[in-house]
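Visitor: what would the 3D arrangement of this be:
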Amino acid sequence: MDAIRDRTLVGSNADLDLDPVKRPSREEAMDAVRTLIAWAGDDPRREGVIDTPKRVVDAYAEWFEGYEADPAKELSRTFEDVQGYDDIVMLREIEVESHCEHHMAPFLGKAYVAYMPTNRVVGISKIARVVEIFAKRLQTQETMTQQICDAITDSLRPAGVAVLIDANHQCMSTRGVHHRHVSTITTQFTGVFKTDPTLRQRFLDFANRK
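Guide: Got it, this is the predicted structure:
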């Protein structure tokens, strides 16, 4: 990917027709890390940190690989032979490893995702992969919850989708207010999960099951 596209602009740049941002080279990214090391008060030439720029860039490539993946493609292969199955399909405790877009600090937790199929289902690993794709981008938890829900809705056209994410944010636990034992829960419900309180409660009961 040579350019960074599809970014939502706000404020004074919102109405401008701006060119795509050119993606920096690997060496430019490593130079940026050296600048941050020096800004923190250390010497980027010191033996202990001289290879840190390479390690950081390699880590960023892994942490943010979701920008290179397409959730719709993951959900494109579906199966229509469900033998009349018409109840919840749910994955519990999908690992969430993401980074806050405000401080670039990690937030870690679990996702619970369910959908009510109509005439087709998707391989269960694909649901987990969709969570992973959106998590491996700079995110807010609220946005990620909505994106997961929208991707499943758009690709599978189910009767409804339910998403719950429970995560701890290090931008809150290691800086600022320094509250280490606070988790954030976000939910999104569509279709029958939104209109049927009994079905929604079943989803929440499944999510809370130990």
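
Visitor: tell me which helix or strand of the protein sits lowest on mean pLDDT?
Guide: None of the helices or strands of the chain scores lower by mean pLDDT, DSSP states H and E than strand 3-4, at a mean of 48.

Visitor: tell me which helix or strand comes right after it.
Guide: As assigned by DSSP states H and E, the chain's next helix or strand after strand 3-4 is strand 21-22.

Visitor: quick one: that following strand to chain centroid distance?
Guide: Counting by C-alpha atoms, centre = their mean, to the nearest Å, strand 21-22 is centred 22 Å from the centre of its parent chain.

Visitor: just give the closest residue to the residue nearest the centre of the chain, not the sequence neighbours.
Guide: Nearest to the mean C-alpha position of the chain, counting by C-alpha atoms, centre = their mean, stands residue 135 at 2.0 Å. On the basis of C-beta to C-beta, 6 or more residues apart in numbering, the spatially nearest residue to residue 135 that is not a chain neighbour turns out to be residue 98, at 4.1 Å. (Glycine included, C-beta is placed from N, CA and C.)

Visitor: from what I see, the one you found and residue 142 are in contact.
Guide: No: counting by C-beta atoms under 8 Å, residue 98 stays clear of residue 142, with 11.9 Å between them.

Visitor: how about the helices in this protein?
Guide: All helices of the chain, identified by DSSP state H, fall at 26-40, 52-63, 71-74, 124-135, 141-156, 170-173, 192-195, 197-208.

Visitor: those: lowest mean pLDDT?
Guide: Set side by side, the helices of the chain give their lowest mean pLDDT on helix 170-173, at a mean of 86.

Visitor: packing partners for that one?
Guide: strand 106-116 (3 or more C-beta pairs under 8 Å, 6 or more residues apart in numbering; DSSP states H and E).

Visitor: quick one: average confidence on the strand it packs on?
Guide: The average pLDDT for strand 106-116 rounds to 97.

Visitor: packing partners for that strand?
Guide: strand 89-100, helix 124-135, helix 141-156, strand 160-169, helix 170-173, helix 192-195, helix 197-208.
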